[in-house]
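In: Have a look; sequence and predicted model below, questions after that.
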Amino acid sequence: MRKMALAGVLLVIPIVVLLWVPHYAKVEPKLFGFPFFFWYQFLWVFICSALTWTAYKLTLSARGKTTHKVGEDR
Amino acid sequence: MTPQLSVMAADTGGINGVALAVLIALFLLVTVAGFMASRFKRAESLESLDEWGLGGRSFGTWITWFLLGGDLYTAYTFVAVPAAMFATGAVAGFFAVPYTIILYPIIFIFMARLWSVSHRHGYVTTADFVRGRYDDRVLSLAVAVTGFVATMPYIALQLVGIQAVLEVAGLGGGDNIVAKDAPLFIAFALLAAYTYSSGLRAPAVIAFVKDILIYVVIIVAIIYLPGKVGGWEAIFGAAQDKMDANNVAAAEAGLPQSSSFVPGSGAFWAYATLALGSAMALFMYPHSITASLSSNSRNTVRRNAALLPAYSFVLGLLALLGWVAIAAGTTPIGLDGEPNAQLVIPQLFEDMFPAWFTGVAFAAIAIGALVPAAIMSIAAANTFSRNIYKEWLKKDATPAQEAKVSKLMSLLVKAFALVFVLTLDKQNAINFQLLGGIWMMQTFPVIVFSLFTRWFHRYALLVGWAAGMVYGTIEAYQVVNPVTGKHFGGSLALIPGIERMGYIAITAFVINVVLAVVLTAILNAMKVSNGKDETIPFDYFADADDPRVQKDLAEHSTHDKEYGDPDDIPGNAPAR
């Protein structure tokens, strides 16, 4: 159950961060000519993907501990 | 994926012969692939919705990745997102990036449950699920009609995407109405024919071609073009200058300053609510559900939630091409001589690329329209045959009859979309599509909340949905385009209580949920029946390789009784 809760937290992080617009709606610091606003959101594409993949792995390993097992004939 | 944009009209001077030849060659290639697709993961018969409409629920991680990518990131997106960046900047255009990032954690949370319960009960649409969850035909019909109606203008917009390419390629000119629209007509007739014969397998195969072309074109464009216009510093500089100039001109004309380089404090709510609302609404659309349910296991969707952001990255790059066009001085002029921002990306490609590669880029966009148009028409048709035809018109329809109705309906919705685009102002399709997003969002509580709990009362959900629909429609009607003076001019309005501009869908959604909660509390206290639930907790975790599921599915195909509950939990379907 703790793993499922952790997976839930990992999934909520990118939603909260990207909806909190004021913290990234600015031009400086620039990276390769890109204003912060743009490269920061591009960066979150990768972070979010990694978080989602981690959450996926967590749900897989947690699944064995739920009452509903794969292949269980009940 | 819909940027908030007003379109004007559409020219570009002369037919680009080489580009057109490449475009036609690639188009013929996917047409052949579309017809051959019926042999892909071949089934004994295509005469059921499971086979024709969901590809046998057999698609693995990679096919689903291409299919969902091809489905969600539509041609219209590829035309309109950079067009919005070009015309009014980051709030209207770049919100597509956070939107398609937070989309995936959201679907990760609920899509596996929807997949499992649909797999076990043979649900093809979300309205099927709602029917099973509450045994309520009216609530199910509400979900079905919302999805069907909202999908129609979306299909029409795919045509707008093809038209943009054809216009820049120099086709579609002249006063002869037949010659003018013939290319579009032929393209859609071919699409309709192979969708009819191959079902969902057609877009699944074509999606490979489409997605590879899109990746190649955008990666080449993003590496090659900035150097030709002076680098990213120059591009962002030119964009900032244009947006500032836009706002100065708007202020002088007494219009709202709606252009933005980076969102200012007044636009934070708009940016966030557009991203959140669009993300929550997207997977309520029938075409998203169809592509998700065609996957072969509940984990396929979850793996894809981590892999699909690759498309979001490409979409972000594409959005920036709208600003590359500003630095390049692209002037998109339609065949009628009027400026048309929608043409900016095809025009940029034609100006900057060698003719043969322009053809490849045009093909990427045109083929990019075919995949979502096919899936949308299949999804709308499935919704019609399952939740309207079988539920209300012919209760004893066989799977073969369902598939037949679905196939005919897929032709009809495409014909409708064609008529819509050819006879009405394109702006209507765009307005209706914006409205469609607001509507789809109102089915979120019925579908997603019900996947997790039966606490909500079916009548409360219905009233909440109706209130959200009415509020959303009225608010959207009241948005007047300051230039043309027409209604349905956008999807932003003041959020009551916050007094900032925000996405109307979110405000309507809040009203929807508050009503649903309050009425549920009252109806539950009054002990009004909440219908009979044919699903059991186990259904929401069931996976494809589960022998218990296999056994139930096999038994279920020979009778029409409910699925038995192995636990015999009180209130659930009885054990058999």
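Out: Looks like it came in fine.
In: ok, longest helix in the chain?
Out: Using chain A here. Selection of the longest helix in chain A by residue count, based on DSSP state H, yields helix A:36-63.
In: Hmm, no, I was thinking of chain B.
Out: Longest helix in chain B, counting residues (DSSP H): helix B:137-169.
In: pLDDT (mean, whole number) over that one?
Out: If you average the pLDDT over helix B:137-169, you get 86.
In: hmm, back to that, what are the buried residues along the longest helix of chain A?
Out: A:36-42, A:44-45, A:48-49, A:51-53, A:55-56, A:58-59, A:62-63 (16 or more other CB atoms under 10 Å in any protein chain shown). (C-beta placed from N, C-alpha, C; glycine too.)
In: show me the contacts for residue B:384.
Out: Residues in contact with residue B:384, defined by CB atoms under 8 Å, 6 or more residues apart in numbering or on different chains, are B:144, B:148, B:405-406, B:409.
In: if we take those, which one ends up nearest to residue B:457?
Out: residue B:144 (19.8 Å; CB to CB).
In: Please report the distance of that closest one from chain A.
Out: 29 Å (CB to the nearest CB, to the nearest Å).
In: ditto for residue B:194
Out: Counting by CB to the nearest CB, the gap from residue B:194 to chain A is 33 Å.
In: now do residue B:306
Out: Applying CB to the nearest CB, the value for residue B:306 to chain A is 4 Å.
In: And the one helix or strand that residue maps to, what does it pack against?
Out: Using DSSP states H and E, residue B:306 maps to helix B:298-307. When contacts are defined as 3 or more CB pairs under 8 Å, 6 or more residues apart in numbering or on different chains; DSSP states H and E, helix B:298-307 packs onto helix A:36-63, helix B:61-72, helix B:96-121.
In: So is the second one next to chain A?
Out: No - for helix B:61-72 and chain A, the contact criterion (CB under 8 Å from any CB of the partner chain) is not met; the two come no nearer than 11.4 Å.
In: Contact partners for whichever residue of chain A sits closest to chain B?
Out: Proximity of chain A to chain B (CB to the nearest CB) peaks at residue A:33, 3.4 Å away. By CB under 8 Å, 6+ apart, the contact set of residue A:33 is B:231-233, B:235-236.
In: Skipping adjacent residues, who's closest to residue B:286 in space?
Out: Nearest non-adjacent residue to residue B:286, counting by CB to CB, 6 or more residues apart in numbering or on different chains: residue B:379, 3.5 Å away.
In: and that neighbour, helix, strand or coil?
Out: Look at residue B:379: counting by DSSP: H, G, I helix; E, B strand; the rest coil, its state is helix.
In: close enough to count as contact, it and residue B:293?
Out: No - using CB atoms under 8 Å, residue B:379 is not in contact with residue B:293, being 9.7 Å away.
In: Of these two, which one has the most company?
Out: Counted by other CB atoms under 10 Å in any protein chain shown, residue B:379 and residue B:293 do not tie: residue B:379 has more neighbours, with 32 against 27.
In: Can you tell me the closest non-neighbouring residue to the residue nearest in space to the middle of chain A?
Out: For chain A, the residue sitting closest to the mean C-alpha position, by CA atoms, centre = their mean, is residue A:51 at 3.5 Å. In space, and not counting its chain neighbours, residue A:51 is closest to residue A:10: 4.6 Å by CB to CB, 6+ apart.
In: what's the answer for residue B:347, then?
Out: residue B:332 (4.5 Å).
In: Need the phi and psi values for that neighbour.
Out: Phi and psi for residue B:332, reported as degrees, to the nearest 10, are phi -80, psi 110.
In: Need the pLDDT of it.
Out: Residue B:332 is given a pLDDT of 77.
In: and it, how far is that from chain A?
Out: According to CB to the nearest CB, residue B:332 stands 23 Å off from chain A.
In: That'll do, ta.
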